[in-house]
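>>> whatever this is, show me its structure:
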Amino acid sequence: MKTASMVRGRILLDSPLAQSRRVLQAGRGRLLPRPSRPLRTETLAGAADYRLAAPDSTRVPWPATEVRLGEVALNVRHTPSANPDAPPALYLHGLSGASTNFTDLADLLSPWLDGQALDLPGFGRSGPPPRRDYSIPAQSRLVIAYLEQSGRGPVHLVGNSMGGTIAIQVAANRPDLVRTLTLVSPAVPDLRPKKGSDRMMPLLLVPGLGYRVLDRLDQIPPERRVRALIELCFAHPERVPANRLAEAVAELEIRRGYPWSGEALLRSLRAVVRSYLTLGPRSSWYALSQIQAPAVVVWGQLDRLVDVANAPRVARTLPDASLLVLPDIGHTAQLEDPVSTARAILALLARANDAHREAGVGS
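Here you go, the predicted model:
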């Protein structure tokens, strides 16, 4: 008689996720060798040079504007800077996230950066992409198209999780559009099981089960679902202010009213897993090795979704990067510790400016 654990094991063994592991293992000989360059750790920007205000938990989400980008209705939130010379920044959220994931970080950085945060197609309040294409290449092409249409590039590009994967492709393929790159727990290829991760997520990858799992998720009350996501992404869910929780619940209720919301989650998750299987010049690891923009990699030591063991390799694969691992922080450092994340970005800006001055480019 099969036990429940045996049944779960069989489901996962026969799932695309397990098949992906086997393919990746079989193709390891074709992967890039692990970089051997020294690991540079990030030093946070000092309080004397950059006077950061404390995060304002009463800050409401920044105003949103709908931007037509071809067939896509893209929702964009703008965090203006009082400094007319502030360079532009662009923030990209992760799976199940939205532009509101950067409310506090963009606020803290607004004296130095004029920020915009996108709701990626199918997420937040943005419409679905053309041809229902949620692949990482399609998402990166859309971000590139937005930067070209808006004329804001080159930008200081910040991406978390899936947004980090998209940012990697943007920075590798269009270096002219990226000044610096900040990766917060980017979803780089890693098919090892994660302890404490959402048990429902692997089931979304099983053929025939995905939409049934989505239906089940939709039956969970919004507040309970949001709390579950926070517990998954935060090392300390109890630190989330009550108003931020209420905002997330309200956003989920709105999003559930969109007919494409479930499909966006399902197809995007599968797209991330497909990116894990991509080898050679189209892989995320290869793209990382091609990025010339100065970069910082920020990772929570207690990340349950993307193993912090990947952090040193990401930082070493980037030609010009430093690494900051935050103790007692989870998957979304920009939400759980926006001050340290902001200071890491400010240190990156200072390093990039120093490099420009040494090269005679200016500040």
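>>> list the buried ones in the helix or strand where D354 lies?
Assigned by DSSP states H and E, D354 falls within helix 338-358. Under the neighbour-count criterion of 16 or more other CB atoms under 10 Å, helix 338-358 has 338, 340-353 buried. Heads up, the C-betas are built off the backbone N, CA and C, glycines and all.
>>> I'd like the average pLDDT over it.
If you average the pLDDT over helix 338-358, you get 89.
>>> quick one: list the elements packing against that helix.
Judged by 3 or more CB pairs under 8 Å, 6 or more residues apart in numbering; DSSP states H and E, helix 338-358 is in contact with helix 103-109, strand 155-160, strand 178-184, strand 295-300, strand 321-326, helix 333-336.
>>> kindly reformat these as TSV and extend each row with mean neighbour count.
As requested, these are exported to TSV (neighbours: other CB atoms under 10 Å):
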stretch	mean neighbour count
helix 103-109	25
strand 155-160	28
strand 178-184	27
strand 295-300	28
strand 321-326	22
helix 333-336	25
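>>> between those, which gets nearest to S96?
strand 155-160 (11.3 Å; CB to CB).
>>> follow-up on the earlier one: out of the helices and strands packed on helix 338-358, which is closest to P130?
Here strand 155-160 is closest among the helices and strands packed on helix 338-358 (CB to CB), at 21.9 Å.
>>> who's in contact with the closest one?
Strand 155-160 has contacts (CB atoms under 8 Å, 6 or more residues apart in numbering) with 87-94, 97, 101-102, 105, 113, 147, 165-168, 170-171, 177-186, 293, 332-334, 345, 349.
>>> what's the angle from that strand to helix 338-358?
Between strand 155-160 and helix 338-358, the angle comes out at 150 degrees (axes from the mean of the first three to the mean of the last three CA atoms, to 10 degrees).
>>> ok, strand 155-160: who's next to it in the sheet?
Strand 155-160 has the following sheet partners, assigned by DSSP bridges: strand 88-92 (parallel), strand 178-184 (parallel).
>>> quick one, what contacts the residue nearest to A355 when sequence neighbours are not counted?
Closest residue to A355 apart from its sequence neighbours, by CB to CB, 6 or more residues apart in numbering: P294 at 6.6 Å. Taking CB under 8 Å, 6+ apart, we find P294 in contact with 180-181, 320-321, 348, 351-352, 355.
>>> 6 Å - rerun?
Taking CB atoms under 6 Å, 6 or more residues apart in numbering, we find P294 in contact with 180, 320, 351-352.
>>> can you check L183 too?
Contacts of L183 (CB under 6 Å, 6+ apart): 164, 297.
>>> for it, give the beta-bridge partners.
Beta-bridge partners, per DSSP bridges, of L183: G159, V297.
>>> for the residue nearest the centre of the chain, give me the pLDDT.
Central residue of the chain (CA atoms, centre = their mean): N160, 2.0 Å from the mean position. For N160, the model assigns a pLDDT of 98.
>>> relative to A167, how far out is H156?
11 Å (CB to CB, to the nearest Å).
>>> if you could redo that for G159, that was the one I meant.
G159 is 3 Å from A167, by CB to CB.
>>> give me the common contacts of those two.
L92.
>>> how about the secondary structure of E148?
Classification of E148 by DSSP: H, G, I helix; E, B strand; the rest coil places it in helix.
>>> next up, the contacts around it.
E148 touches nothing, counting by CB under 6 Å, 6+ apart.
>>> same thing with E231?
Counting by CB under 6 Å, 6+ apart, E231 makes contact with P237.
>>> how about the residue nearest to the centre of the chain: what's its closest non-neighbour residue?
The nearest residue in space to N160 (CB to CB, 6+ apart) is V184, at 4.2 Å.
>>> that neighbour touches V297, doesn't it?
No - taking contacts as CB atoms under 6 Å, V184 lies outside contact range of V297: 8.2 Å.
>>> return the helix or strand in the protein with minimum mean pLDDT.
Scoring the helices and strands of the chain by mean pLDDT, DSSP states H and E places helix 4-13 at the bottom, with a mean of 31.
>>> good, wrapping up.
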